[in-house]
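Participant: For reference, the sequence and a predicted model appear below.
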Amino acid sequence: MTINELKAYPNCDHYTDEQAENILRTLDKISGILFDYTCQQYGIVIDNKIGMQVNNNQANTLKIAA
């Protein structure tokens with residue numbers, strides 16, 4: 001997302017470029033934390049060299065549609 005895309009959202013047009021940049025940086029960090037947590041909870045392992053593997057943990061089964 002760019003600064004201009006953020007400012008296009010309702011009630012976000014008043015942010016300065018610096019504030020918008022900080023918001024985007026924070027959202028990026030939060031999304032990374034949530035992604036890592038979700039992968040850990042559902043046993044998803046991401047490996048860019050191999051692809052994606054799903055561990056067979058019956059307690060936490062995540063069905064992924066192609």
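Facilitator: Received the coordinates, thanks.
Participant: Kindly list the longest helix within the protein.
Facilitator: Longest among the helix segments of the chain by residue count, using DSSP state H, is helix 17-42.
Participant: Can you point out the buried residues in it?
Facilitator: residue 20 (16 or more other Cβ atoms under 10 Å). Glycine gets a C-beta too; all of them are placed from N, C-alpha and C.
Participant: Show the average pLDDT along that helix.
Facilitator: Across helix 17-42, pLDDT averages out at 92.
Participant: Just list what that helix packs against, helices and strands only.
Facilitator: helix 3-7, strand 44-47 (3 or more Cβ pairs under 8 Å, 6 or more residues apart in numbering; DSSP states H and E).
Participant: Quick one, grab the pLDDT at residue 55.
Facilitator: pLDDT, read off for residue 55, is 52.
Participant: right, and residue 15 touches residue 7 too?
Facilitator: Yes - applying Cβ atoms under 8 Å as the test, residue 15 and residue 7 come out as touching, 6.3 Å apart.
Participant: ok, residue 40 - contacts?
Facilitator: Listed by Cβ atoms under 8 Å, 6 or more residues apart in numbering, the contact set of residue 40 is empty.
Participant: hang on, I meant residue 20
Facilitator: 3, 6, 7, 12.
Participant: What distance do you get for it to residue 14?
Facilitator: 10 Å (Cβ to Cβ, to the nearest Å).
Participant: And residue 42, by the same measure?
Facilitator: Residue 42 is 38 Å from residue 14, by Cβ to Cβ.
Participant: likewise residue 39?
Facilitator: For residue 39, the distance to residue 14 (Cβ to Cβ) stands at 36 Å.
Participant: same check, this time on residue 1
Facilitator: 17 Å.
Participant: which of these two has more neighbours?
Facilitator: residue 1 (12 against 8; other Cβ atoms under 10 Å).
Participant: need the contact list for the more buried one.
Facilitator: Contacts for residue 1 (Cβ under 8 Å, 6+ apart) come out as 24, 27.
Participant: That'll do, ta.
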